[in-house]
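Visitor: Have a look at this fold, sequence not included:
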């Protein structure tokens, strides 16, 4: 599946920034969210967009709601 490069980049930037701001490794985020580290890695390397299901699962660990994460991604796209 092909994704928009700008959306991949913005999503990667925001999710990595949020994860690093609270001092979590990819492994910790994955374990606390019930998803695989591989999925986190693919998103951060701009290889895959997270589904809504993934955003909802990672949001509490990142101390945000899924809608807040989407808003941050939208803001990043405007830069």
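Guide: Received the coordinates, thanks. Nothing here was measured: the structure is a model prediction, and the numbers come from that model.
Visitor: got a list of what residue 76 touches?
Guide: By Cβ atoms under 8 Å, 6 or more residues apart in numbering, the residues touching residue 76 are 10, 13, 14. Bear in mind the C-beta positions are built from the backbone N, C-alpha and C, glycine included.
Visitor: What is the burial count for the second one?
Guide: For residue 13, the count of nearby residues is 17 (other Cβ atoms under 10 Å).
Visitor: State the distance from it to residue 34.
Guide: 23 Å (Cβ to Cβ, to the nearest Å).
Visitor: With the first one instead?
Guide: Residue 10 is 24 Å from residue 34, where distance means Cβ to Cβ.
Visitor: which one of these two has more residues nearby?
Guide: residue 10 (20 against 10).
Visitor: Closest to the centroid, which residue in this structure?
Guide: Nearest to the geometric centre of the chain sits residue 15, at 3.4 Å (Cα atoms, centre = their mean).
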